[in-house]
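In: With the input below, show me the fold.
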Amino acid sequence: MKSKITLKKIAKEFDVSISTVSKALKNSHEISEELREKIQAFANYYHYKPNSLALNLRSQKTKTIGIIIPEIVHHFFTTVISGIEHIANEKGYNVMICVSNESFEKELLNMEMLANGIVDGIIVSPSKETLRKKDFKHFEALIANGMPLVMFDRTIDEVKCSKVIVDDEGGGYLATKHLIDIGCKKIAIITTEDFLTVGSQRTKGYLKAIKESDLAVRENFIICIDDKHDMNEQIAQLFSLSDPPDGIFAVNEIYAATTMKIAQKLGWNIPDELAIIGFTDGFISEFTNPPLSTVAQHGFRMGLKSFELLLDEIEHQEEGYSHRIEKISTDLILRKSTIKE
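Out: Residues are numbered from 1 along each chain as shown. The predicted structure is shown next:
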């Protein structure tokens with residue numbers, strides 16, 4: 001097995017300085033053609049690669065960005081990471097991924113580690129605990145210290161940075177309008193608590209569609225899931241009503257799949273007696289029985305756009321950079337949970 005080769009080892013082999021080796025590898029005409037060819041052939045044989053970290057330190061750039069996500073098992077966040085990595089690697093950047101596990105303290109530790117000179121910028125989707133606490137000082141301090149920051153999906157109005165968001169209100173409207181179009185008259189929503197903007201915006205779209213269609217807004221049809229209590233019990237409330245819904249819009253696929261499971265256990269036929277549509281086109285939506293209709297939020301595209309905004313700020317932050325907000329449009333993906341035979 002060939003040992004790892006360095007500039008120092010090559011220089012020793014040819015009894016020349018490290019500077020001479022470096023110039024030869026860069027094809028400098030300051031070095032004789034014969035010596036250049038020998039050094040290059042030797043370096044190629046041993047698969048020599050420049051030390052990218054050393055090169056980046058000399059340019060005062062790490063060519064690395066950090067990503068902080070709330071959870072790693074969520075299909076949406078993995079697609080966003082895929083989008084970021086795809087374009088970052090094309091641009092010569094490495095990616096460090098951290099997971100907050102929805103914890104404020106873990107998010108703070110991740111950010112302190114990344115901001116300690118090892119990345120050129122950070123892309124983050126804040127944790128639920130951060131949003132619930134409304135404590136954003138770590139983001140504000142990061143920006144004050146000149147670190148480029150982009151938020152995606154879950155964003156915070158008070159933090160002045162570039163953001164990439166999904167058209168959550170539009171997606172909520174599309175999902176609810178689809179249920180109305182297939183004949184549902186009593187449409188419920190299973191959503192998040194209001195501190196999560198994605199849930200509150202999707203609820204806003206739901207209410208817009210309900211009111212436009214002159215359907216009644218029923219408070220007992222709006223279930224806001226409290227993560228501190230049993231989700232199944234909260235969703236099951238809908239099926240114990242004297243006048244239960246005939247259509248349900250769930251603001252994520254976990255809520256949608258759980259709703260389907262509860263309904264089927266109680267003997268409901270889907271979609272003939274109850275139509276269900278979710279949000280986020282992940283593996284769960286595709287492999288439920290029947291497969292779930294859903295709103296696609298295009299995580300890969302969001303990842304591409306997040307990196308583009310971050311790179312733009314990294315390259316122009318000394319020029320009085322103006323932060324931008326990009327909105328990703330949504331689309332319906334219709335499957336058998338809302339399509340009757």
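
In: now the strands for the stretch 1-150 of the chain?
Out: 64-69, 94-99, 121-124, 149-152 (DSSP state E, counting those that start in this stretch).

In: a markdown table please, covering the ones you listed and showing distance to P271.
Out: Where C-beta positions appear, they are placed from N, C-alpha and C, glycine not excepted. Below are the strands of the stretch 1-150 of the chain laid out as a markdown table (distance: least, C-beta to C-beta, whole Å):
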| stretch | distance to P271 |
| --- | --- |
| strand 64-69 | 33 |
| strand 94-99 | 36 |
| strand 121-124 | 38 |
| strand 149-152 | 33 |
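
In: Go through the ones you listed and name the closest to L108.
Out: Closest approach to L108 among the strands of the stretch 1-150 of the chain (C-beta to C-beta): strand 64-69, 10.1 Å.

In: Convert the closest one to CSV, retaining C-alpha atoms only.
Out: The C-alpha coordinates for strand 64-69 follow below in CSV (Å, rounded to 0.1, in the frame of the first residue of the first chain):
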residue,chain,number,x,y,z
THR,A,64,-16.8,24.7,4.9
ILE,A,65,-20.3,25.5,5.9
GLY,A,66,-22.3,24.3,8.9
ILE,A,67,-25.9,23.1,8.9
ILE,A,68,-28.0,22.8,12.0
ILE,A,69,-31.3,20.8,11.7
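
In: tell me which strands and helices it is in contact with?
Out: Contacts defined by 3 or more C-beta pairs under 8 Å, 6 or more residues apart in numbering; DSSP states H and E place strand 64-69 against helix 75-90, strand 94-99, helix 104-114, strand 121-124.

In: Can you say which of these is nearest to A216?
Out: If you check each of the helices and strands packed on strand 64-69 against A216 by C-beta to C-beta, helix 75-90 wins as the nearest, at 32.0 Å.

In: sorry, back to before: between the strands of the stretch 1-150 of the chain, which gets nearest to V295?
Out: Nearest to V295, of all these, is strand 149-152, at 17.0 Å by C-beta to C-beta.

In: Report the strands that pair with that closest one, each with its relative direction.
Out: The pairing partners recorded for strand 149-152 under DSSP bridges are strand 121-124 (parallel), strand 162-166 (parallel).

In: Mind listing what's buried along the last one?
Out: Within strand 162-166, the residues that count as buried by 16 or more other C-beta atoms under 10 Å are S162, K163, V164, I165, V166.

In: relative to helix 75-90, how tilted is that strand?
Out: Interaxial angle, strand 162-166 versus helix 75-90 (axes from the mean of the first three to the mean of the last three C-alpha atoms, to 10 degrees): 130 degrees.

In: Now do strand 162-166, average pLDDT.
Out: For strand 162-166, the mean per-residue pLDDT is 97.

In: what about the spatially closest residue to I72 that is not a sequence neighbour, how many neighbours?
Out: Among residues not flanking I72 along the chain, V99 sits closest, at 5.0 Å (C-beta to C-beta, 6 or more residues apart in numbering). Residues contacting V99 under the criterion other C-beta atoms under 10 Å number 18.
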